[in-house]
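K.L.:
The amino acid sequence is not available; the structure is as follows:
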Ligand code: AMP
């Protein structure tokens, strides 16, 4: 099973994607997380990726596609979070899966108004422990103890690209490139849309339940 999470930065692709993984016993492949890990380790890939990510730009396709395919070689049932982000990436994914006799099962599009996204993303904090990767929000989902991860006790940090200026840049990039993917996957008959009200209590549970229901219809 291959599930794609679509949506602008800060819509909750990571959080909802991980919940979907738990429900269907899938692996979670998040390109942003992989890039951040490579940047932390200062690998060759990380140093190149950082130049783009710190400006809110997309990492070039030739780097991203081969990186994802090498990860997918080792995985069968996956939630793809943050990939594809361009039509070219989507076409390459389709061909790659076809070569394995597989196909995309469903595309979950998380829809949140831009102004809500800037508010939510600029107050996002994440666990510094990569193994954990939990995400919190000082306004909407604060940790029990300030600055400390509820799950593993590691310090919580702000992502470098979650500054309001960079968020706006990332939203521009999203609208220019990734939005075309919505149309692409609607035409492929794979996409379903979830409108999210970030101010609703239990937003995570409500969104996960809707996603699981729709995925079940398409399995
Ligand atoms: P994310 O954690 O998904 O918001 O990704 C953080 C940043 O990593 C993005 O703003 C891009 O700079 C880069 N990135 C993540 N996924 C991709 C992708 N599929 N293609 C190109 N760049 C990506």
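P.N.:
Nice, thanks for sending it over. Predicted model only: the values in this text are computed from it and were never measured.
K.L.:
Which strand or helix spans residue 5?
P.N.:
strand 2-7 (DSSP states H and E).
K.L.:
Okay, and whichever residue of the chain sits closest to the ligand sits in which element?
P.N.:
Relative to the ligand, the nearest point of the chain is residue 32 (2.0 Å; CB to the nearest ligand atom). The C-beta positions use only the backbone N, C-alpha and C, and glycine is treated the same way. Secondary-structure assignment from DSSP H and E places residue 32 in helix 31-41.
K.L.:
Can you give the distance of that helix from its chain's centre?
P.N.:
Centre-to-centre, helix 31-41 and its host chain are 13 Å apart (CA atoms, centre = their mean, to the nearest Å).
K.L.:
what's that helix packed up against?
P.N.:
helix 44-53, helix 61-72, strand 78-81 (3 or more CB pairs under 8 Å, 6 or more residues apart in numbering; DSSP states H and E).
K.L.:
which outside residues touch that helix?
P.N.:
14, 45-47, 49-50, 53, 59, 64, 67-68, 71, 81-83, 85, 130, 133, 159 (CB atoms under 8 Å, 6 or more residues apart in numbering).
K.L.:
same check, this time on stretch 139-148
P.N.:
Against stretch 139-148 from outside (CB under 8 Å, 6+ apart): 119-120, 123, 125, 135-136, 149-150, 154-156, 198, 203-204.
K.L.:
and the end-to-end length of that stretch?
P.N.:
15 Å (CA to CA, to the nearest Å).
K.L.:
now that stretch: mean pLDDT?
P.N.:
In this model, stretch 139-148 has a mean pLDDT of 94.
K.L.:
Report the buried residues of that stretch.
P.N.:
Residues of stretch 139-148 classed as buried: 141, 143 (neighbour count, 16 or more other CB atoms under 10 Å).
K.L.:
how far is that stretch from where the chain is centred?
P.N.:
That offset, for stretch 139-148, works out to 21 Å (CA atoms, centre = their mean).
K.L.:
Can you show me the helices along this protein?
P.N.:
Counting by DSSP state H, the chain has helices at residues 13-24, 31-41, 44-53, 61-72, 87-99, 114-121, 164-173, 179-187, 203-218.
K.L.:
before we move on, the earlier item: report the buried members of the contacts of stretch 139-148.
P.N.:
Of the contacts of stretch 139-148, these count as buried by 16+ other CB under 10 Å: 119, 120, 123, 125, 135, 136, 149, 156, 198, 203, 204.
K.L.:
Please give me every residue in contact with the third one.
P.N.:
For residue 123, the contacting residues are 137, 138, 139, 140, by CB under 8 Å, 6+ apart.
K.L.:
which one in this structure is furthest away from the centre?
P.N.:
For the chain, the C-alpha farthest from the mean C-alpha position belongs to residue 145; by CA atoms, centre = their mean, that distance is 25.8 Å.
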